[in-house]
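A.B. asks: dropping the sequence and predicted coords here.
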Number of protein chains: 2
Amino acid sequence: MSDLEEGMVTIIKVFHKYSGHKCKLKKAELKELINNEMSEFIMKIHENETLDKLVADLDQNGDLEIDFKEFITLIAMVTSACSELFIPNYHND
Amino acid sequence: MSDLEEGMVTIIKVFHKYSGHKCKLKKAELKELINNEMSEFIMKIHENETLDKLVADLDQNGDLEIDFKEFITLIAMVTSACSELFIPNYHND
């Protein structure tokens, strides 16, 4: 498996680590995942209001839980936002 | 950095490895990336027709190149499609 594929599998495994066998994240599980696993890229969530807003934005099917499709949307947004932080410095090449 | 964040950074770095300083992938660069880095998850692209269709689907802004936002959409779709392959076996816990 390539580094890219390993990275993709890591995203899947971290999701399952917090969602358990139900394959969906409850609000509290999403908060725990973000605060434990994404603290370099996202500010830790403390206020319920912040969490409620995030879940409302992600929860496409309105079941008040976050499935993998909804979760990967969050990952894509954050990765996109950070992509400019990791542009190699081509000038020295 | 957590494993999840490292995975996200890997996605950014692999994109830049193929896009170079222009931060956009030409058709040929996207094909090279997929065939080199995603061959466990996606069938290698041989036909130009397949590539043209994929680029047409991803190219939201119609500039005939794939920027990072368009690329991460591909990663999200493929990761979602593969997510069920990596569901831990909870029955033994």
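C.D. replies: Done, it's in. Residues are numbered from 1 along each chain as shown, chains lettered A, B, ... in the order given.
A.B. asks: how about the most centrally placed residue in chain A: what's its closest non-neighbour residue?
C.D. replies: By Cα atoms, centre = their mean, chain A has its centre lying nearest to residue A:75, at 4.0 Å. The spatially closest residue to residue A:75, leaving aside those adjacent along the chain, is residue A:11, at 5.8 Å (Cβ to Cβ, 6 or more residues apart in numbering or on different chains). For every residue, glycine as well, the C-beta is placed using N, CA and C.
A.B. asks: so what's that neighbour up against?
C.D. replies: In this structure, residue A:11 makes contact with A:72, A:75, B:4, B:7, B:8, B:79, judged by Cβ atoms under 8 Å, 6 or more residues apart in numbering or on different chains.
A.B. asks: which helix or strand contains it?
C.D. replies: Taking DSSP states H and E as the definition, one finds residue A:11 inside helix A:3-19.
A.B. asks: right, is whichever helix or strand comes after that helix up against chain B?
C.D. replies: Using DSSP H and E, the helix or strand that follows helix A:3-19 towards the C-terminus is strand A:24-25. No. Contact between strand A:24-25 and chain B, assessed by Cβ under 8 Å from any Cβ of the partner chain, is absent, since the two come no nearer than 11.9 Å.
A.B. asks: what residues does chain A have near chain B?
C.D. replies: Neighbours of chain B within chain A, by Cβ under 8 Å from any Cβ: A:1-16, A:20-21, A:23, A:36-41, A:68-69, A:72-73, A:75-76, A:78-80, A:82-83, A:86-88, A:90.
A.B. asks: just the buried ones among those, please.
C.D. replies: Among these, those classed as buried by 16 or more other Cβ atoms under 10 Å in any protein chain shown are A:2, A:4-5, A:7-16, A:37-38, A:41, A:68, A:72-73, A:75-76, A:78-80, A:82-83.
A.B. asks: that older thread, just how off-centre is the helix holding residue A:11 within its chain?
C.D. replies: 10 Å (Cα atoms, centre = their mean, to the nearest Å).
A.B. asks: check stretch A:22-41 too.
C.D. replies: 7 Å.
A.B. asks: skipping adjacent residues, who's closest to residue A:88 in space?
C.D. replies: Leaving out its chain neighbours, the residue that sits closest to residue A:88 by Cβ to Cβ, 6+ apart is residue B:16, at 5.5 Å.
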